[in-house]
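>>> from the sequence below, what's the structure:
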Amino acid sequence: MSPGLAHHFGSTFKTGNINAKMGFTVDNFHEKPFLDVVESVKELVEEAEKF
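Predicted coordinates:
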């Protein structure tokens, strides 16, 4: 997954696709990728609340 801009905020938030080739995959629609996004968004919110 790509880091996007989140690393500028000290976050490990990842954007994109679970598949490094960035193509469609049903693997994006399982519980683990969803929970990974939830955790990443929590990190971004915690950082944003500092401003």
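
>>> against Gly23, how distant is Lys42?
With the distance defined as Cβ to Cβ, to the nearest Å, Lys42 ends up 28 Å from Gly23. For the C-beta atoms, the positions are set from N, CA and C on the backbone; glycine is no exception.

>>> next: Val41.
Separation of Val41 from Gly23 (Cβ to Cβ): 24 Å.

>>> quick one, which of those two is more surrounded?
Val41 (13 against 7; other Cβ atoms under 10 Å).

>>> which of the residues in the one helix or strand Glu47 maps to are buried?
Assigned by DSSP states H and E, Glu47 falls within helix 31-48. By 16 or more other Cβ atoms under 10 Å, the buried positions in helix 31-48 come out as 33, 40, 44.

>>> dump that helix to CSV, restricted to CA.
The C-alpha trace of helix 31-48 is given here as CSV (Å, rounded to 0.1, in the frame of the first residue of the first chain):
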residue,chain,number,x,y,z
GLU,A,31,-12.5,-7.7,7.7
LYS,A,32,-8.7,-7.2,8.1
PRO,A,33,-8.3,-4.4,5.5
PHE,A,34,-11.4,-2.7,7.0
LEU,A,35,-10.0,-2.8,10.5
ASP,A,36,-6.6,-1.5,9.2
VAL,A,37,-8.4,1.5,7.7
VAL,A,38,-10.3,2.1,11.0
GLU,A,39,-7.0,2.1,12.9
SER,A,40,-5.4,4.4,10.4
VAL,A,41,-8.2,6.9,10.5
LYS,A,42,-8.1,6.9,14.3
GLU,A,43,-4.4,7.8,14.1
LEU,A,44,-5.2,10.7,11.7
VAL,A,45,-8.0,12.0,13.9
GLU,A,46,-5.7,11.9,17.0
GLU,A,47,-3.1,13.9,15.0
ALA,A,48,-5.7,16.4,13.6
